[in-house]
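> I'll drop the sequence and a predicted model, then ask my questions.
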Amino acid sequence: MNIAFFITPKKDSVYLTYDSTMRQALEKMEYHRYTAIPLIDKEGRYVCTLTEGDLLWKLKNTPDLTFKDTNKICLKDVPTHMTNKALSINASLKEVLHLLVDQNFVPIVDDDQVFVGIVKRSTIMNYLFNKYGFDFEED
């Protein structure tokens, strides 16, 4: 099965540019209630995944940094600790499933490494549930 079926396109995905600020990231993640989002560069290429933990570590390890000052910190200056591997739009479903074991989403890129969207773990799980169904017995 083609993974394009499972992609949440870029226009419907939550992401930020690498030049965005910590404040923008905090507000966007809070608004959408996400713990991680993809970051892209000026050319639209996937760069990395930013997590709440990355933002917290930056706050902790930057003396005198207050929430008010987070609008002065560029995301490219926030060290990231999670390595969410991006896959090609031509990747197999097996490749996506392998990554979704450890990632909530897989960034998807085209042949030029431009970010085109994400495949979410929840999308795959819902598909499998609907396709194969599960009969859960209560204990």
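Structure received. Given the structure is predicted, the values throughout are model-derived calculations rather than measurements.
> show me the helices in the protein, by range?
22-32, 52-61, 93-100, 121-132 (DSSP state H).
> wait, which of those helices is closest to L75?
For the helices of the chain, the distance to L75 is smallest for helix 22-32, at 6.0 Å, taking C-beta to C-beta. Where C-beta positions appear, they are placed from N, C-alpha and C, glycine not excepted.
> in the closest one, what counts as buried?
Within helix 22-32, the residues scored as buried using 16 or more other C-beta atoms under 10 Å are 22-26, 28-29.
> check stretch 106-117 too.
106-109, 115-117.
> isn't L99 up against V106?
Yes: with contact defined as C-beta atoms under 8 Å, L99 reaches V106; the gap is 4.9 Å.
> need the overlap of contacts for the two.
84-85, 87 (C-beta atoms under 8 Å, 6 or more residues apart in numbering).
> tabulate the residues you listed (a markdown table), appending pLDDT.
Listed next are the shared contacts of L99 and V106 as a markdown table, based on pLDDT from 0 to 100:
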| residue | pLDDT |
| --- | --- |
| N84 | 88 |
| K85 | 90 |
| L87 | 96 |
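> and of these, the nearest to Y132?
Among those, and counting by C-beta to C-beta, the member closest to Y132 is L87, at 23.6 Å.
> measure the closest one to T8 for me?
Distance from L87 to T8, counting by C-beta to C-beta, to the nearest Å: 14 Å.
> mind listing the shared neighbours of those two?
Common neighbours of L87 and T8, counting by C-beta under 8 Å, 6+ apart, are V119.
> skipping adjacent residues, who's closest to H81 in space?
Spatial nearest neighbour of H81, chain neighbours left out: D54 (5.9 Å); criterion: C-beta to C-beta, 6 or more residues apart in numbering.
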